[in-house]
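Quick check, what structure comes out for this input:
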Amino acid sequence: MPRMTEQFDVPVRAATITDVARDAGVSVRTVSRVLNKSPKVGEDTRRTIERAIAALNFRPSLRARGLAVRRSFLLGVVQGDQNAHVVGVLQHGIVEICSEAGYELLVHPVSVQDSRLTEDLEDFVRRTQVDALVLLPPVSENSSVARLLARLGVPAVGIAAVPVPNYPAMLVTGERAAAGMVAAHLLEAGHRRIAMVTGPLHFLSASEREKGFRLTLESAGVALPPSYVREGDYGFESGLAAAADLLTLAERPTAIFAANDIMAAAVLKVARALDLDVPGDLAVAGFDDSDIASMLSPALTTIRRPLRDIAREATRRAIALAEGEVSGVPDHHVELTLVVRQSTVSVAEAKL
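Predicted coordinates:
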């Protein structure tokens, strides 16, 4: 029931964002920025607006804010990765920034193999009226997706292993160089019979990791022969099959680099089943530094991708694009690091 005044029994109209702007002597856009916790408002102006909000007992709603500034305050994230250890961390980082900025998050899972991928995305964008999108790999790698979003005029930030044209903003992870770090580490440990379990090579992430690993070995005069390469799909079962093949060769490798931590965990399982000591008989390395890497026994040497930081930065850029603060920003290149643990070196060496 509407609240009535005691004397005249007239409904009291709820304060609007326009009322706040008028009372504070600022524009509706400036009030919106304060509600979104934008840093682009001076401290004195922010205090004035906050006093007006308190005095008017203003209670903002997403719908009202959206009508005032012609935005939905919805951010969409499009993902096609089934690895919950990676996607979960990315989504958590995105949610943090959305919450700070007053945006709601819509997650749209897709299949990158779907022939109707672009039609599906266009329907999602038109149906939800999202203000901006964050595209996670491998969906972000699809040039048709980037072209579609550019045609629709949807602000979008892509996260990928290499720059992809048509995104107004990208976070590029140096995965080729990072895989080279793994190769250099295994070479320094004295390994020469080195194998690799790749991801699906039609993914940019997988091909970049394979190239970086192979090129670093070749530059040291060490071959990566076809017999020492197995293509996985980033899943545990594919890692089991690849490890079983490699570790039963007549001349088995002494080190295996798996292109993500899930497949590396599978290699460790097969090694244990074959009674191989890790790292004594076999060194194993992964990629991502997902939550399982330090839980495995032995703990996994891996490449750390700062997923939460990547997600937060991508979301900041998407919101900046949505709010018209920028029309495009330079690609942000993310450096990855090698984390050495007991799966490639002894406990004593890992602590050095």
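
Distance of the closest residue in space to Met263 that isn't next to it in sequence relative to Phe213?
Excluding its sequence neighbours, the residue lying closest to Met263 (C-beta to C-beta, 6 or more residues apart in numbering) is Gly239, at 3.2 Å. In this view, the C-beta of every residue, glycine as well, is placed from N, C-alpha and C. Remark: distance between Gly239 and Phe213 (C-beta to C-beta, to the nearest Å) = 16 Å.

on contacts alone, who are the packing partners of the helix or strand that contains Thr45?
Per DSSP states H and E: Thr45 is located in helix 43-56. Packing partners of helix 43-56 (3 or more C-beta pairs under 8 Å, 6 or more residues apart in numbering; DSSP states H and E): helix 17-24, helix 28-35.

and the angle for the first one with helix 28-35?
Translated: helix 17-24. 100 degrees (axes from the mean of the first three to the mean of the last three C-alpha atoms, to 10 degrees).

which regions of the stretch 51-200 of the chain sit below the pLDDT cut-off?
For the stretch 51-200 of the chain, the stretches with pLDDT under 70 are 60-71.

mind listing the helices for it?
Along the stretch 51-200 of the chain, counting by DSSP state H, counting those that start in this stretch, helices occupy 62-69, 84-101, 117-128, 143-152, 175-188.

Check what contacts the last one and list those residues.
Spelled out, that is helix 175-188. 161, 194, 205, 208-217, 220, 222, 255, 257, 259, 283, 285, 287, 301, 303, 305, 336-338, 340, 344 (C-beta atoms under 8 Å, 6 or more residues apart in numbering).

In strands, which of the residues you listed appear?
Judged by DSSP state E, strands contain the following of the contacts of helix 175-188: Ile194, Ala255, Phe257, Ala283, Ala285, Ile303, Thr337, Leu338.

Of all pairs in the residues you listed, which one spans the longest distance?
Using C-beta to C-beta, the pair of these lying farthest apart is Ile194 and Thr337, separated by 20.6 Å.

Please identify which of these two sits among more neighbours.
Ile194 (23 against 12; other C-beta atoms under 10 Å).

is the residue nearest to the more buried one when sequence neighbours are not counted in a bridge, and if so with what?
Nearest in space to Ile194, with sequence neighbours left out and distances taken as C-beta to C-beta, 6+ apart, is Ala255 at 4.7 Å. For Ala255, the beta-bridge partners under DSSP bridges are Ile194, Ala283.

In contact with Ala255: list those residues for me.
Leu186, Ala189, His191, Arg193, Ile194, Ala195, Leu282, Ala283, Val284, Ala285, Thr344.

which of those are buried?
Among the contacts of Ala255, those buried by neighbour count (16 or more other C-beta atoms under 10 Å) are Leu186, Ala189, His191, Ile194, Ala195, Leu282, Ala283, Val284, Ala285, Thr344.

Is Ile310 in a helix, a strand, or coil?
helix (DSSP: H, G, I helix; E, B strand; the rest coil).

Please read off the pLDDT at it from the model.
pLDDT, Ile310: 95.

I'd like the distance between it and Glu251.
Counting by C-beta to C-beta, the gap from Ile310 to Glu251 is 39 Å.

Then Ala242?
17 Å.

cool, and Val145?
Taking C-beta to C-beta, one finds Val145 at 43 Å from Glu251.

Pick out whichever of those two has more residues nearby.
Val145 (26 against 8).

Wait, that one touches Asp120, no?
No: contact criterion C-beta atoms under 8 Å: Val145 and Asp120 do not qualify, at 10.1 Å.

Tell me how far the closest residue to Glu237 other than its chain neighbours lies from Ala243.
With sequence-adjacent residues excluded and distances taken as C-beta to C-beta, 6+ apart, Glu237 is closest to Ala266, at 7.6 Å. To Ala243, Ala266 is 6 Å away according to C-beta to C-beta.

The two: which is more packed in?
Ala243 (28 against 24).

OK, contacts around that one?
By C-beta under 8 Å, 6+ apart, the neighbours of Ala243 are Val197, Ile256, Ala266, Val267, Lys269, Val270, Ala271.

which of these has the most neighbours?
Result: Ile256 is most packed of those (other C-beta under 10 Å), 33 neighbours.

Just list whatever residues bridge to His108.
Beta-bridge partners, per DSSP bridges, of His108: Val78.

ok, now which ones touch it?
Gly76, Val77, Val78, Gln79, Leu121, Phe124 are the contacts of His108 under C-beta under 8 Å, 6+ apart.

For Ala265, see how far away the fourth one is.
Gln79 sits 22 Å away from Ala265, taking C-beta to C-beta as the criterion.

can you list the domain ranges for the protein.
If you go by automatic domain parsing, the domain ranges for the chain are 17-69, 74-174+306-335, 175-305+339-350.

List the buried residues of stretch 316-326.
Buried-residue list, stretch 316-326, by 16+ other C-beta under 10 Å: Arg317, Ala318, Ile319, Ala320, Leu321, Ala322, Glu323.
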